[in-house]
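# just the structure for this:
(2 chains)
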Amino acid sequence: MSAMNDSLVIARRNLIRMSRIPEMVIFGLIQPIMFVVLFTYVFGGSMNIGGSTDPDVYKNFLMAGIFAQTVTFATAGAGAGIADDMHKGLIDRFRSLPMARGAVLTGRTMADLVQTALTLLVLAVVALLVGWRPGFAEPTNFGKVIAGFGLLLLLGYAFTWIGALIGLTVRTPEAATSGGLIWLFPVTFISNAFVDSSQMASWLQPIAEWNPFSATVQACRKLFGDPGVSPSDAWPMAHPVWASIIYSVVIVAIFRTLAVRKYRRAAG
Amino acid sequence: MPGAIYAEGLVKTFGDVRALDGVDLDVPEGTVLGLLGPNGAGKTTAVRCLTTLLRPDSGRLQVAGLDVLKHPNEVRRSIGLSGQFAAVDEYLTGRENLQMVGQLYQMRARPAKARAEELLEQFDLTEAADRTARTYSGGMRRRLDLAAALVVSPPVMFMDEPTTGLDPRNRQLLWDVIKRLVSGGTTLLLTTQYLEEADHLAHDIAVVDHGKVIARGTSDELKARTGGERIEVVVHEREQISVAREVLAGFGKGETTVEEHTRCLTVPVTGGAKLLAEVIRELDTRGIEMDDIGLRRPTLDDVFLSLTGHMAEEKAEEKAEEKAEGNGDRQGQDRSKGRQKGKEATV
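As a prediction, the model looks like this:
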């Protein structure tokens, strides 16, 4: 009971902060919008998705990948925010208060979830404007599209716990920002997000197909009725919705435990 | 019965550095203990151990009658911590900061709001209540930080160098607040590197150096160790030194020391102002022209010097602290800033 209350107090605090630093939210939006435009118009004509080089096919294939990449990039923000709190001595204040142990981190990840949801909403509108059409390849419905966004938020939430752990480990907000982003490049690029993973080198392909990130992208493509759903037999590709949920839950379980332990001991 | 703050055999090491090397403390309820020492002495580490932020390697710790290691969360309910670096959220307003802290002390939203209002008034922050804390001056931030520590009027308070880096006016303001607090019955442990501050606020003083308590007692007791009052005379001309020395020897309780180049003579005395008047008369009748004369009481600076053989600020120890506290960059910047200001203030 008190854990939930404390988390909400902290979440509120972080949301107020975000609203007072709007440039952070805006930069968080510009980056994925830029990716949508760049990938669509620069790579669009030269990509082969399931045997088609039609730019419209690539455009519709791409969006699930960009959405997923966007939600994972929120991890860097969580890490930087927590590192900043440590740096400024706020974590010491919180740790000296009779509040629930995980609340500082839970509240932060909850606030990030709200921010991610808003970013996704704007991004989805932009995607529709440049020509993304759910149901382009396979029929879909509103419920399935919403379920797809739900999986994206779950993935984003799971990844913010990794960011939280990074933020507690490094010493400065700057290091948390760069450290929180670097590892995301291989994770998001060695995947099915931007290219058809079946065309990758044979040693890379299983990595891409078992990548937790790919499972969510695949699940979204399926739910959105997008083109380019991988026909692979790898379990996460064949059962992407379940794989996506299981991966996210496991990531939360592991990284939440590690982060809360780190918070209790190492802060300061 | 142990006091409201009690530590026995407190040891904490960071790698090779023994930040705390068997510290014993006992602060009776309703009193103020000043933990006095230079940077790196272990003061902050001691406060962090007592406030549940850091786990000591060994030692017994009790705060408000509770075992700190066994019941950290109960202890947190009874303490307020105000740090060296005002730990307030700079993007929240003063009011929002206090309200948040109140809620995290498990108050409901409405009482937390009312309490925030009271504190804003008490700390003269009402006008700035709805501005974000980043627009506050250093003194205002420090006041907000202290207000945050007082949200639940905890019976036991810890203040880690509350006035480091503050200008004299803000320091005086904070001192007044602290005095009022103590007169209300709060038990306080205060760390400081300002000897004057400990003298001013604390009932008892524990002098800490290299992780150990090297002396304890009241301010007067500690001062007595350096041998009481002295009379200091600066004569106008060098040729008069020997005559002045003769005069002083007649009044002094010990050896007269002479600094030739400053023409300054010092002699330990007992008898205070009355004796000083006699000395002045005698010097005058002997035709000695004085540039300056005065009765000098020992400061805690003198105490520190006589106890440790070194001044309260030393470079090597500052480095040791950064290493010892294991904070790395976390507070490095702020800390060196505070230190610089601190130096300016002591000069």
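# and the helix or strand containing B:Arg76, how far out from the chain middle?
Using DSSP states H and E, B:Arg76 sits within helix B:72-78. Remark: helix B:72-78 is offset 25 Å from the chain centroid, using CA atoms, centre = their mean, to the nearest Å.
# give me the contact list for that helix.
Contacts to helix B:72-78, defined as CB atoms under 8 Å, 6 or more residues apart in numbering or on different chains, come from residues A:96-98, B:51-52, B:63-64, B:66, B:68, B:105-106, B:152, B:154-156. All C-beta spots, glycine's among them, are computed from the backbone N, C-alpha and C.
# which SS class is whichever residue of the stretch 151-268 of chain A sits closest to chain B?
Using CB to the nearest CB, the closest approach of the stretch 151-268 of chain A to chain B is made by A:Arg171 at 4.5 Å. What DSSP: H, G, I helix; E, B strand; the rest coil gives for A:Arg171 is coil.
# B:Arg18 bridge partners, please.
Judged by DSSP bridges, the bridge partners of B:Arg18 are B:Thr13.
# that older thread, the residue of the stretch 151-268 of chain A closest to chain B is in contact with A:Ala83, isn't it?
Yes. Between A:Arg171 and A:Ala83 there is a contact under CB atoms under 8 Å: 7.3 Å.
# buried residues in the strand or helix carrying A:Leu15, which are they?
Applying DSSP H and E as the criterion places A:Leu15 in helix A:2-20. Of the residues in helix A:2-20, A:5-7, A:9-18 count as buried by neighbour count, 16 or more other CB atoms under 10 Å in any protein chain shown.
# tell me which of the residues you listed is nearest to B:Glu221?
Nearest to B:Glu221 among the buried residues of helix A:2-20 is A:Asp6, at 45.5 Å by CB to CB.
# related to what we said a few turns ago, tell me if the helix holding A:Leu15 is near chain B.
Yes. Helix A:2-20 is in contact with chain B by CB under 8 Å from any CB of the partner chain, via A:Ser2, A:Asn5, A:Asp6, A:Val9, A:Ile10, A:Arg12, A:Arg13, A:Ile16, A:Arg17, A:Arg20.
# of all the contacts of helix B:72-78, which two lie farthest apart?
Longest span within those, CB to CB: B:Val68 and B:Gln106, 19.4 Å.
# what's the end-to-end length of stretch A:185-196?
This stretch, stretch A:185-196, spans 17 Å end to end (CA to CA, to the nearest Å).
# hang on, B:Val182 packs against B:Val32?
Yes. Between B:Val182 and B:Val32 there is a contact at 5.5 Å, judged by CB under 8 Å.
# for the two, indicate the residue with more neighbours.
Neighbour comparison, B:Val182 and B:Val32: the larger count goes to B:Val32, with 22 against 19 (by other CB atoms under 10 Å in any protein chain shown).
# follow-up on the earlier one: look at B:Val68 and B:Gln106 and report which has more neighbours.
B:Val68 (25 against 16).
# contacts only, for that one.
Per CB under 8 Å, 6+ apart, neighbours of B:Val68: B:Cys49, B:Leu50, B:Thr52, B:Leu61, B:Gln62, B:Val75.
# can you lay out those residues as TSV showing pLDDT, distance to A:Ser248 and neighbour count?
Formatted as TSV, these follow (pLDDT from 0 to 100; distance: CB to CB, whole Å; neighbours: other CB atoms under 10 Å in any protein chain shown):
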residue	pLDDT	distance to A:Ser248	neighbour count
B:Cys49	93	39	25
B:Leu50	94	41	26
B:Thr52	91	33	23
B:Leu61	94	41	24
B:Gln62	94	45	21
B:Val75	93	37	24
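# would you reformat these as a markdown table and include secondary structure?
Shown next, in a markdown table, are these (three-state DSSP):
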| residue | secondary structure |
| --- | --- |
| B:Cys49 | helix |
| B:Leu50 | helix |
| B:Thr52 | coil |
| B:Leu61 | strand |
| B:Gln62 | strand |
| B:Val75 | helix |
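# just give me the closest of those residues to chain A.
Looking across the contacts of B:Val68 and measuring by CB to the nearest CB, the closest to chain A is B:Thr52, at 6.6 Å.
# give the contact list for that closest one.
A:Arg95, A:Ser96, B:Val68, B:Pro72, B:Val75, B:Arg76.
# and for the closest residue to A:Arg20 other than its chain neighbours, the neighbour number?
Once flanking residues are discounted, A:Arg20 sits nearest to B:Tyr91: 4.7 Å by CB to CB, 6 or more residues apart in numbering or on different chains. With neighbours defined by other CB under 10 Å, the count for B:Tyr91 comes to 18.
# try B:Arg296
Per other CB under 10 Å, the neighbour tally for B:Arg296 reads 13.
# if I look at it, how far off is B:Glu127?
Separation of B:Arg296 from B:Glu127 (CB to CB, to the nearest Å): 44 Å.
# where do the strands sit along the stretch 1-150 of chain B?
Secondary structure of the stretch 1-150 of chain B (DSSP state E, counting those that start in this stretch): strands located at B:5-14, B:17-27, B:32-36, B:58-63, B:66-67, B:79-82.
# for the last one, the averaged confidence score.
Averaging pLDDT along strand B:79-82 gives 92.
# that one and chain A in contact?
Yes. Using CB under 8 Å from any CB, strand B:79-82 reaches chain A at B:Ile79, B:Leu81.
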